[in-house]
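In: curious how this folds, go ahead:
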Amino acid sequence: CLATLIIMLVGDTYTLINYVSFINYLCYGVTIIGLIVLRWRKPKIFRPIKVNLLIPITYLAFWAFLLVFSLYSEPIVCGVGLIIILTGVPVFFLGVYWRNKPKCVNRLIESLTCWGQKLCFVVYPQCGSAEEE
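Out: All right, here's what the predicted structure looks like:
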């Protein structure tokens, strides 16, 4: 989020759209790869919609072509897009992977979550104790 704000302040909108487009297509392809892997490793689990594997494999072929073409035609934009994605790795390790966090870190994360919920009006704030309400 911080990297996107910096890019919006410094760069033009066309470049930002290119960064986001590359990131979206990369995520779509990884999602389809995950679908194929799950179909191969866990074929018996319930799926509300099941399509022939030829469809996601065809999609992946076109996706790979577009991704390679994007990397060839605009490598700097794609590199910045990858850097934007990689800025989330430390956040993942600090927020999700690190299980035995000190209580002060947990309190900080909870207060930031509550503040973000209030700011964006996305979820009724669950912060504080029930006695305050």
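
In: next up, the contacts around residue 101.
Out: Listed by C-beta atoms under 8 Å, 6 or more residues apart in numbering, the contact set of residue 101 reads residue 109. In short, each C-beta sits where N, CA and C put it, glycine included.

In: so it, which of the three states?
Out: coil (DSSP: H, G, I helix; E, B strand; the rest coil).

In: state the distance from it to residue 107.
Out: According to C-beta to C-beta, to the nearest Å, residue 101 stands 10 Å off from residue 107.

In: try residue 20
Out: Taken as C-beta to C-beta, the span from residue 20 to residue 107 is 33 Å.

In: these two: who's more crowded?
Out: residue 20 (14 against 11; other C-beta atoms under 10 Å).

In: in what helix or strand does that one lie?
Out: Residue 20 belongs to helix 13-41 when assigned by DSSP states H and E.
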